[in-house]
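Visitor: Sequence plus predicted model, see below.
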Amino acid sequence: MKYLIIGVSAAGVAAIENIRRLDKKSEIVAVTEEEYPHVYSRCLLSYYLAGEIPEEKIKYRDDNFFKDNNVKIIFGKKVEKVIPQRNIVLLSNSETISYDKLLIATGARSKMEMIPGKDIFGVFGLRDIKDAKNIMSVLPKCKEAVILGGGLIGLRAAYALSKRGIKVTVVVKSPYILSQIVAEEDAEIVQQHIMKNGINILTNLAAKEIIKVAENLLVILENNEKLSCQLVIVGKGVQPNIELVKETPVKINYGIVVNEYLQTTVDNIYAAGDVAEFYDITTKEYTINALWPNAVIQGSIAAINMVKGNTKKYEGTLANNSVEFFGLPLISCGITKPKTKEFEILVKKDLRKNYYKKIVIKDNTIVGLVLIGKIENAGVYRELIRKQVDISLVKQYLLDENFDFSKIIPVIKQQKEKFTEKEYKEIILS
Amino acid sequence: MKKAIFVDVKKCIACKSCEIACAVEHSQTKNLFTAVYEDPLPIPRRKVEYTDGIIISDACHHCEEALCVSACMSQAMYKDKDGTTQHDETKCVGCWMCIMVCPFGAIKRKEKVVVKCDFCKGKETPACVESCHTKALKVVNL
């Protein structure tokens, strides 16, 4: 058996570890487009950029990772095309690699602005180590920066630069920040907090052009206002890297469509991570929730199914984010801004204490959560969402400031069939 | 094999000895009478929780398929050879992903990093179990 893994970030690494755990002998080949010869964590790039961690710490596996797992690793080569009919992939240098089982974990790339000036040096995304190093290279001369996009990537970048003493302006097309993950009333609290800490946020605005004027960049906004800076970071979300399977029997929708075994429409090809599109537990629709924890779990499950046949099912993805700006944490999960009336929304807030809790309920199950300020026990709610548990018995406790695991015990007793993990048996209830 | 701390809800009387023992064990001085003067105060990783007549002393369950480990983007959270889930504070960046996914709410913030039960690494019996007057807490090998 020969396994081929394309991409060695969260999903690829989890897959390698699980394949090797179950199959000590077979050949594993991994190929990545990136030249940086280490396994590293994309999510740590903004911490690196902020100067909070050294480069060494973005590596989240030992330098010997590939050797220890007996993996043949190819850095710096892009897989241009998968040819399922011949069980081979074609690399950028026209070489081919064969496989018996293939995992596509190619992830996603930054969506760049399609505006004039986007290719000027000084305008970067923040997706990989190359981006981070490019940004670092201009920092010594950077006093002002403009961030295009008020989502997680944009704001993490803004926060990082601000920590370095750079004057940051964030330009957000939506009426409020974080509009992909929370509702306006939720975002408001975080937005105020970020602005109080010195980052300027302009909403309902987009850039229409970036020009270079002497040593500076000039970002021209739709309202013709001009922002002078030395660095522009584009944080406009990501798009899946699906091109390698275009015009093949591997089905693509927005991403590569997979079944509950993380298997694509071609039997010996699996996909996991930011490129894979699957059922979302709360919206019940096919989507990509391009998030680290999802990618790791998908990579692990895909690996198990590649080695042992389709034996382990994936329950579905969840939109799930955790972020902190200037000491104010936010965790969100599931549907946070329902559009129809069938949802019930419970809210408790004390804005002087930066305390905010919102729970979205549909048909007696929790489908959404936003916690700001006090985030402990977020996972207890998440478990109720993930397992789609009927919460009628404990609804009165959900907004309680002291909500904790004990509050859901009545539900665990009532719906034992949903709490089958060994760990729940370590609690002798009655 | 998996080491676990069994919690017998019927026996727990909420005396909180386990919380105190845990905090002392994870203090700098390891002595109750000096630990109370430490700054910052040591944080108990076990907590006595109540609801509707049910009392439970709960902490990390060292899950076999630990969601906190798969959610950790800096490899701070990891499975140790003995099956316990351990946390390396020096690698933690405080992203709170583990708090986001822990089904038991067993992970706490300590300034910029998280803390959780470490099964009293290096100690034969965890401090909470030793301190439990009613034997509600028990170490078991599953």
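Guide: Yep, that arrived. Just so we're clear, the structure is a prediction, and the values are computed from it rather than from any experiment.

Visitor: Can you give the contact residues for stretch A:203-210?
Guide: A:113, A:115-118, A:120, A:123, A:146, A:148, A:150, A:171-177, A:217-223, A:225, A:232 (Cβ atoms under 8 Å, 6 or more residues apart in numbering or on different chains). (C-beta placed from N, C-alpha, C; glycine too.)

Visitor: Quick one, which of those residues are buried?
Guide: A:113, A:115, A:117-118, A:123, A:146, A:148, A:150, A:171-174, A:176-177, A:217-221, A:232 (16 or more other Cβ atoms under 10 Å in any protein chain shown).

Visitor: Restricted to strands, list those.
Guide: A:123, A:146, A:148, A:171, A:217, A:218, A:219, A:220, A:221, A:232 (DSSP state E).

Visitor: if we can go back for a sec, against chain B, which of the contacts of stretch A:203-210 make the cut? List them.
Guide: Among the contacts of stretch A:203-210, no residue lies close to chain B (Cβ under 8 Å from any Cβ of the partner chain).

Visitor: Break chain A into its domains for me.
Guide: Chain A breaks down into these domains under automatic domain parsing: A:2-109+A:239-308, A:123-236, A:327-426.

Visitor: Dig out what residue A:171 forms beta bridges with.
Guide: Beta bridges link residue A:171 to residue A:148, residue A:202 when assigned by DSSP bridges.

Visitor: Report the contact partners of it.
Guide: Neighbours of residue A:171 in contact, by Cβ under 8 Å, 6+ apart: A:146, A:147, A:148, A:149, A:150, A:202, A:205, A:206, A:207, A:219, A:221, A:227.

Visitor: State the distance from it to chain B.
Guide: Distance from residue A:171 to chain B, counting by Cβ to the nearest Cβ, to the nearest Å: 25 Å.

Visitor: which residues in chain B form strands?
Guide: For chain B, applying DSSP E gives strands covering B:3-8, B:47-51, B:54-58, B:77-79, B:85-87, B:108-110, B:113-115, B:137-141.

Visitor: Need the residue closest to the centroid of the chain.
Guide: Because you didn't say which chain, this covers chain A. In chain A, the centroid-proximal residue (Cα atoms, centre = their mean) is residue A:291; its distance is 2.4 Å.

Visitor: Actually, chain B is the one I wanted.
Guide: Note: chain B centre (Cα atoms, centre = their mean) maps to residue B:117, 2.3 Å.

Visitor: OK, contacts around that one?
Guide: Taking Cβ under 8 Å, 6+ apart, one finds B:5, B:22, B:45, B:46, B:59, B:60, B:62, B:106, B:126 in contact with residue B:117.

Visitor: In contact with residue 77, which residues?
Guide: Picked chain A for this. By Cβ under 8 Å, 6+ apart, the residues touching residue A:77 are A:31, A:32, A:33, A:91, A:92, A:93, A:95.

Visitor: Chain B is the one I meant
Guide: Residues counted as contacts of residue B:77 (Cβ under 8 Å, 6+ apart) are B:66, B:68, B:69, B:71, B:85, B:86, B:87, B:88, B:98.

Visitor: Generate a PyMOL selection restricted to the buried entries among those residues.
Guide: Of the contacts of residue B:77, the buried ones go into a single PyMOL selection, burial set by 16+ other Cβ under 10 Å:
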select buried, chain B and resi 66+68+69+71+85+86+87+98
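
Visitor: pLDDT weak spots in the chain?
Guide: Since no chain was named, I'll use chain A. A:430 (pLDDT under 70).

Visitor: To clarify, I was referring to chain B.
Guide: Judged by pLDDT under 70, the stretches of chain B that qualify are B:1.

Visitor: What ranges does it have for its helices?
Guide: Under the criterion DSSP state H, chain B carries helices at the ranges B:17-25, B:32-35, B:67-71, B:97-101, B:127-131.

Visitor: For residue A:271, name its beta-bridge partners.
Guide: Counting by DSSP bridges, residue A:271 is bridged to residue A:104.

Visitor: Could I get the contacting residues of residue A:318?
Guide: Listed by Cβ under 8 Å, 6+ apart, the contact set of residue A:318 reads A:280, A:281, A:282, A:289, A:294, A:333, A:334, A:382, A:385, A:386.

Visitor: I am finished for the moment; much appreciated.
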